[in-house]
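> Okay, sequence plus prediction incoming.
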Amino acid sequence: MLRCVRLVPLAVALASVALPVRAGPSGPVERVIDARTLVVAGEAVRLFGIVVPGLDQACEAGGKPYPCGRIARTGLMDLVAGTEVECVPASGGGSAPIAARCRAGGFDLSANMVHTGWALADRVTGTAFIAIEEKARAAGRGLWRGTFTPPAGSGEAP
């Protein structure tokens, strides 16, 4: 029992020297660059866990091309309009834009972009959004309403 008592102060001392977690930017979105990149508090942030069509990418629906990259960006604009965004860096890298998990109005932006069909799960970074993607695909939402060239990292065949 005496050993346990001695270890408690040691555990408390070690916990107090833990490295701080880097807080991400928060506040209103200053600019939406593309369907997964935005500027918050002067810092460029890339939504973690998703891949999106390029800004100038065209897709096809009903036999007609449409600017899916720009529409996907508009989808992200809709999700952040009039809300405060809170981001938590998802990786330790200091490169810009930072990869982060961001929430707006209490909702995960990456999950919402996949749910609306304007983003796909990034299978390189994990499987967090695959089930959501499958539901969007089955419902024919966003990109899934027609044909498109899958973004790199999506795991979809071109």
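That came through, no problem. Numbers count the residues shown, from 1 in each chain.

> From now on I want contacts and neighbour counts done on CA atoms only, so please keep to that.
Fine.

> where along this structure do the strands fall?
Assigned by DSSP state E, the chain shows strands spanning 26-34, 37-40, 43-47, 50-51, 59-61, 64-66, 84-89, 98-104, 107-108, 120-121.

> gap between the fourth one and the chain center?
Meaning strand 50-51. Centroid separation between strand 50-51 and its chain, computed with C-alpha atoms, centre = their mean, to the nearest Å, is 7 Å.

> cool, and the longest one?
Relative to the chain's own centre, strand 26-34 is displaced by 13 Å; criterion: C-alpha atoms, centre = their mean.

> Strand partners (parallel or antiparallel) of it?
Strand 26-34 pairs in its sheet with strand 37-40 (antiparallel), strand 84-89 (antiparallel), by DSSP bridges.

> Which residue lies nearest the spatial centre of the chain?
Central residue of the chain (C-alpha atoms, centre = their mean): L47, 2.8 Å from the mean position.

> And that one, how close does it get to I33?
According to C-alpha to C-alpha, to the nearest Å, L47 stands 12 Å off from I33.

> same deal with L79?
From L79 to I33 the distance is 14 Å (C-alpha to C-alpha).

> picking up where we left off before, adding mean pLDDT and distance to R137, write the strands of the chain out as TSV.
TSV is the format used below for those (pLDDT from 0 to 100; distance: least, C-alpha to C-alpha, whole Å):
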stretch	mean pLDDT	distance to R137
strand 26-34	95	21
strand 37-40	95	23
strand 43-47	94	20
strand 50-51	94	15
strand 59-61	96	14
strand 64-66	97	18
strand 84-89	94	27
strand 98-104	94	23
strand 107-108	96	19
strand 120-121	96	10
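
> okay, those strands, which one's buried deepest?
Highest mean neighbour count among those (mean count of other C-alpha atoms under 10 Å): strand 120-121, with a mean of 31.

> can you list contacts of that strand?
49-52, 113-114, 127-130, 133, 154 (C-alpha atoms under 8 Å, 6 or more residues apart in numbering).

> 6 Å - rerun?
Strand 120-121 is contacted from outside by 50-51, 114, 129-130, 154, using C-alpha atoms under 6 Å, 6 or more residues apart in numbering.
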